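*Asks:* build the 3D model from these lines:
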Amino acid sequence: MSSKFCWFFLFSAGVAALLLSHVQGGIVKKRFQKVDVKTFFSLCKISDNYRVYDSTSLTLTECAGRCLLSETCVSYCFSYERSMCAITSVFSAHWFSGIPPDATTETYDVCYSSWTSTDSIIRDTMITTSSPPYNYGRRSRFFVDGFFCQASGYEARRFDGAFGVYNYLQVDFGKNVQVAEIRVALRSEPVYFESVTVRLGTSSVETSNAVIAQLPTGVTPLGDLRIQLKPPVLGRYIHFKSGTTYYFSLGELQVIPEN
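*Replies:* From the prediction side, this is the model:
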């Protein structure tokens, strides 16, 4: 059974970037961290028709096991009172506190994520610039707002570029950082992240920064893209640019500095 699918890209700048993404075909190795978010949109649940595992004897450990058995599970949440488990496609930052409860949400006692890193420097106050969004509800700030799920509606909280242009999105960290890893949450449809160039550096001018990853058309990660930089790369600006004029979509970002 496969665990992860990897590509290696070696660039002239001497940086080796290891790209990892979850793929279908077996149990994926995951590490989970407890997160603050306990309320999320109901449509963020995954599995057969958003199935929730529910029984009077269900435990938190069993809930974790069911997430591990699901190739597409990003996080799992548990309710002690209801003995209820939800496996979800929620990609959340460790500082994100949750969606305000309403008729479209569900709340659990505790949640764990395989995507979150407590070391990530990304915050929702960081400045983002981009090509024109598909609409106001898909603007670039949603790439760093701390929450994304692979639902199709407003629940997704993602950036979508306009159709017919070479889309891009840039994030300013506010200071130079030695970056060791980049995590990007994506839509589950591969066509929304094809032929993408990723640059990282200290200049706000895109072409002045080094290319750290190049994803050609047809080689697209499914949902969870991770770029590991060896050695770490100094940068303040990270820039994503599409090589096609089709729709371009980015869900959420984490940038992990060198220890």
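*Asks:* all strands of the stretch 101-250 of the chain, in order?
*Replies:* 105-107, 110-113, 127-130, 147-149, 159-160, 168-185, 196-201, 210-215, 224-242, 249-250 (DSSP state E, counting those that start in this stretch).
*Asks:* can you pull the contacts of D145?
*Replies:* D145 makes contact with 96, 124, 157, 252, according to CB atoms under 8 Å, 6 or more residues apart in numbering. Heads up, the C-betas are built off the backbone N, CA and C, glycines and all.
*Asks:* which residues does the most centrally placed residue in the chain form beta bridges with?
*Replies:* The residue lying closest to the centre of the chain (CA atoms, centre = their mean) is A185, at 1.8 Å. Going by DSSP bridges, A185 is paired in beta bridges with D224, E252.
*Asks:* check F159 too.
*Replies:* Note on F159: beta-bridge partners L250, judged by DSSP bridges.
*Asks:* what's the spacing between it and R141?
*Replies:* 8 Å (CB to CB, to the nearest Å).
*Asks:* pLDDT score assigned to V191?
*Replies:* Per-residue pLDDT puts V191 at 82.
*Asks:* higher neighbour count, F159 and R141?
*Replies:* Using other CB atoms under 10 Å as the criterion, F159 and R141 rank with F159 on top: 28 against 15.
*Asks:* now the strands of the stretch 101-250 of the chain in TSV, with mean pLDDT?
*Replies:* TSV is the format used below for the strands of the stretch 101-250 of the chain (pLDDT from 0 to 100):
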stretch	mean pLDDT
strand 105-107	93
strand 110-113	95
strand 127-130	98
strand 147-149	94
strand 159-160	95
strand 168-185	97
strand 196-201	96
strand 210-215	92
strand 224-242	95
strand 249-250	94
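*Asks:* so which of those gets nearest I256?
*Replies:* Checking the strands of the stretch 101-250 of the chain against I256 by CB to CB gives strand 168-185 as the closest, at 4.2 Å.
*Asks:* what's the distance between the closest one and the middle of its chain?
*Replies:* Averaged C-alpha coordinates place strand 168-185 at 13 Å from its chain's average position (CA atoms, centre = their mean, to the nearest Å).
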